[in-house]
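**Student:** need coordinates for the below:
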Amino acid sequence: MQADGNLVQYAVTTTVTTKDAYWATGTDGQGNNVTLNLDDDGHLYLLNFTGFNIIKNLTDGRYPTQKTIYIVRIDFDGIFRLYSYNLTQNGNWSVLWSSTNNKCDPKGLCGFNSYCVLNDLEPRCLCLPQFTQVVQNNWTAGCERNFFPESCKDDNGDIRIQELTNTVWEDNPYSVLSLSIKEDCERACLEDCDCVAAFFKDRQCKKQRLPLRYGKRDMGDSNSALIKVGKSISTTTDRVEPGKKKSDQLGRGILIASVSIVALGLVMLAISGFLLYKSRAQPYKRINANENIVLCEEVAPRSFTFAELEEITDGFREEIGRGSFGTVYKGLVSSTQKVAAVKRLEGVVSQGEKEFQTEVKVIGKTHHKNLVRLLGYCNEGPNRLLVYEYMSNGSLADLLFSPEKRPCFTERVEIARNIARGILYLHEECETQIIHCDIKPQNILIDEYRSPKISDFGLAKLLKPDQTKTFTGIRGTRGYVAPEWHRKLPVTVKADVYSFGIVLLEIACCRRNVDQNLPEIESILVDWVYHCFEAGEMDKLVGDEEVDKRLMDRMIKVGLWCTLDEPSIRPSMKKVLLMLEGTVDIPVPPSPTSFLTCI
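**Tutor:** Numbers count the residues shown, from 1 in each chain. Have a look, this model is predicted:
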């Protein structure tokens, strides 16, 4: 909303002038008291608060108000849209109005030296002729020229003009000529070293320098973009002199002979390999499977007998942790001399069996530096045990809530980012999408290098490839459980985002999320953090500790976004990580109980 009352959409990093806009309400001249308003009947309009009069209706409204909600937002494609959703139906959001129906209209969708075309109403970016992408599959980075002729003019016939019809671009010429025909404009550009392209329309020839931007195809516009390119391979003819024919035939014969010799050699090599396999490799098949040769321990979980795990843990002597489903013991795997953590599942048989099957199925398929590695398991009679890599520094809770062990602020920031990377892997990079369901400091273990690793996947929920949400009973730990669990709503990966938000605030403030020993206003961490954030009293959250205020502000904002009650407006873990790394800006978060704002 500009100071003159005009609501305008610009591309990012523009000069914010009229020519850079790609949509506007045309309400300039109304002053600085104009606001955009949305009523509960879907009425979207501009209001001048000076006289409380509507100056422009974007929609007429009068849509249903019973059990229907409306939201306006700028989508990722740069188009401003009004959506409706019927709360009584399990349907999708419906678009009621949009600033444009042409997805190529938003400027900046395609970067420098590329232009947008519609393919079945979907936008597609194309490079200028003889230009290639700067960054593969990232069209906003634009394109760059991949040919450089010896001469900038058409002296040697090695450059020419290629025409792109019906394309429009940002009009920023360094020279404008009045010419009758397009061919004269082509000639003028070919003879000018500064000219890399020329736009010809209505007998005007406008010479352009690089970069060209805001390009799109518009079949209703007669503008022709004349691009200077090198001679293509198809325009040149390979001529062979008669005297060379015999030498070419000789060369072809040598090539055929060489290929034949190589092929014969490969056949002989294959036969030799087969004979070697029969004479040396096959006897290994006779080795008894019970001899417990660990050939693939480094790439897959190994099956242990209960007797082996009793020996490894010295009779389950040294207990190093206890959880709701079992006790963890320290052990030493003799075959590899690796220290291990052995979890012995206990409690109700059926629940323990479900816990065991889930943990083996989930961790056995995951491979990430911020997830605890499963070394093996035991499934023998009533015994269910899991063998993990040993984490020498205990859990994040041990470090965070013990003043003598507490990491410095910079180290805590990196720990938070690594936890986010691990959860992002579970949500978006695994073959099967996984909701952990129990993210908390006690389930984040710290290795010898003080790097965090997510553990305890017993409550995890696996989603099918075409599934994004699930209905299931409440899982997780009080204080970290997302509100949708209690409302019996479908649960998505956003449940983990909520739990991570709580953990992130604990990491930032070095205190538990609920502490009844503190004054009532401070006892619930999320409420206390938002109170301090809103009041501009962030120093109260860190006490005497020296912190980077910029990073602290970033962590607090991300934590508040993650802990919003409404799951649909919590950011994804990918966006959470980008915000923590400082790659994207973070909007001011609403109250954690608000669900009327969108990120």
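
**Student:** domain parsing for the protein?
**Tutor:** 8-98, 114-233, 302-389, 397-580 (automatic domain parsing).

**Student:** tell me the confidence at Thr327?
**Tutor:** Looking at Thr327, its pLDDT is 87.

**Student:** could you do Asn146 as well?
**Tutor:** Looking at Asn146, its pLDDT reads 78.

**Student:** pull the number of nearby residues for it.
**Tutor:** By other Cβ atoms under 10 Å, the residues close to Asn146 number 10. For glycine as for every other residue, the C-beta is placed from the backbone atoms N, C-alpha and C.

**Student:** now do Arg550
**Tutor:** By the measure other Cβ under 10 Å, the count of residues near Arg550 is 8.

**Student:** so which residues of the stretch 301-450 of the chain form helices?
**Tutor:** Ranges of helices within the stretch 301-450 of the chain are 306-312, 349-363, 396-400, 409-424, based on DSSP state H, counting those that start in this stretch.

**Student:** going by mean pLDDT, which of those helices comes out lowest?
**Tutor:** If the helices of the stretch 301-450 of the chain are sorted by mean pLDDT, helix 349-363 sits at the bottom with a mean of 60.

**Student:** doesn't Gly331 make contact with Ile320?
**Tutor:** No. The criterion here is Cβ atoms under 8 Å, and Ile320 misses it with Gly331 at 9.7 Å.

**Student:** at which residues are the strands of the stretch 351-500 of the chain located?
**Tutor:** 374-380, 383-389, 434-435, 444-446, 452-454, 461-462 (DSSP state E, counting those that start in this stretch).

**Student:** for the stretch 101-250 of the chain, same thing?
**Tutor:** With strands called from DSSP E, counting those that start in this stretch, the stretch 101-250 of the chain shows them at 114-119, 122-127, 131-133, 143-145, 159-165, 167-168, 175-178, 197-201, 204-208, 215-217, 224-230.

**Student:** and of those strands, who's closest to His531?
**Tutor:** Between His531 and these, the tightest spacing by Cβ to Cβ is seen for strand 122-127, at 44.1 Å.

**Student:** off-centre distance for that closest one?
**Tutor:** Here the centre of mass of C-alpha atoms in strand 122-127, compared against the chain's by Cα atoms, centre = their mean, to the nearest Å, lies 21 Å away.

**Student:** in its sheet, what does it sit against?
**Tutor:** Strands that pair with strand 122-127, judged by DSSP bridges, come out as strand 114-119 (antiparallel).

**Student:** what sits up against the partner strand?
**Tutor:** 102-104, 109-110, 123-128, 131, 139, 142-143, 164, 167, 169, 215-217 (Cβ atoms under 8 Å, 6 or more residues apart in numbering).

**Student:** repeat that for 10 Å
**Tutor:** 102-107, 109-110, 123-128, 131, 133-134, 139-143, 164, 166-169, 211-219, 225 (Cβ atoms under 10 Å, 6 or more residues apart in numbering).

**Student:** who's in contact with His427?
**Tutor:** 433-436, 463, 492-494, 496-497, 572-574.

**Student:** so how far is Lys574 from it?
**Tutor:** His427 is 8 Å from Lys574, where distance means Cβ to Cβ, to the nearest Å.

**Student:** that older thread, rank the domains of the chain by pLDDT, which is bottom?
**Tutor:** Minimum mean pLDDT among the domains of the chain: domain 302-389, a mean of 80.

**Student:** tell me which of the domains of the chain sits nearest to Ile254.
**Tutor:** Nearest of the domains of the chain (Cβ to Cβ): domain 114-233, 25.9 Å.

**Student:** tell me the buried residues within the contacts of strand 114-119.
**Tutor:** Those of these that meet the buried threshold are 103-107, 109-110, 123, 125-128, 131, 133-134, 139, 142-143, 164, 167-169, 211-218, 225, by 16 or more other Cβ atoms under 10 Å.

**Student:** residues in contact with the closest residue to Val8 other than its chain neighbours?
**Tutor:** Nearest non-adjacent residue to Val8, counting by Cβ to Cβ, 6 or more residues apart in numbering: Ala24, 4.4 Å away. Ala24 makes contacts with Gln2, Asn6, Leu7, Val8, Gln9, Tyr10, Thr18, Ser99, as judged by Cβ under 10 Å, 6+ apart.

**Student:** let me know the closest of those residues to Pro483.
**Tutor:** Using Cβ to Cβ, the contacts of Ala24 come closest to Pro483 at Ser99, 33.4 Å.

**Student:** Val387 versus the closest residue to that closest one other than its chain neighbours, what's the distance?
**Tutor:** Nearest residue to Ser99, sequence neighbours excluded (Cβ to Cβ, 6+ apart): Phe80, at 4.0 Å. Separation of Phe80 from Val387 (Cβ to Cβ): 55 Å.

**Student:** who's more crowded, the two?
**Tutor:** More crowded of Phe80 and Val387, by other Cβ under 10 Å: Val387, with 25 against 19.

**Student:** could you measure the more buried one against Leu309, distance?
**Tutor:** Counting by Cβ to Cβ, the gap from Val387 to Leu309 is 7 Å.

**Student:** between the two, which contacts overlap?
**Tutor:** In contact with both Val387 and Leu309: Gly331, Val333, Ala340, Val342, Gly376, Tyr377, Cys378, using Cβ under 10 Å, 6+ apart.

**Student:** for those, which entry has the maximal number of neighbours?
**Tutor:** Busiest of the shared contacts of Val387 and Leu309 [other Cβ under 10 Å] is Val342, holding 27 neighbours.

**Student:** residue contacts, that one?
**Tutor:** 304, 309-310, 312-313, 316, 320, 326-331, 333, 375-378, 385-388, 390.

**Student:** returning to that earlier point: and the residue nearest to Val8, its phi and psi?
**Tutor:** Backbone torsions of Ala24, given as degrees, to the nearest 10, read phi -150, psi 150.

**Student:** okay, it and Glu448: tell me how far apart.
**Tutor:** 59 Å.

**Student:** likewise for Cys185?
**Tutor:** Distance, Cys185 to Glu448, using Cβ to Cβ: 69 Å.

**Student:** of those two, who's got more company?
**Tutor:** Using other Cβ under 10 Å as the criterion, Cys185 and Glu448 rank with Cys185 on top: 25 against 9.

**Student:** what's the spacing between the more buried one and Gln204?
**Tutor:** According to Cβ to Cβ, Cys185 and Gln204 sit 9 Å apart.

**Student:** overlap in contacts of the two?
**Tutor:** Residues touching both Cys185 and Gln204 (Cβ under 10 Å, 6+ apart) are Leu177, Leu179, Ala198.

**Student:** could you pick out the buried ones from the residues you listed?
**Tutor:** Buried residues within the shared contacts of Cys185 and Gln204, counting neighbours by 16+ other Cβ under 10 Å: Leu177, Leu179, Ala198.

**Student:** kindly reformat those residues as JSON lines containing distance to Ala416.
**Tutor:** Output for those, formatted as JSON lines (distance: Cβ to Cβ, whole Å):
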{"residue": "Leu177", "distance to Ala416": "59"}
{"residue": "Leu179", "distance to Ala416": "62"}
{"residue": "Ala198", "distance to Ala416": "53"}
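
**Student:** mind picking the one among those that's closest to Ser94?
**Tutor:** Lowest distance from Ser94 to those (Cβ to Cβ) belongs to Ala198, with 45.0 Å.

**Student:** brilliant, that's me finished.
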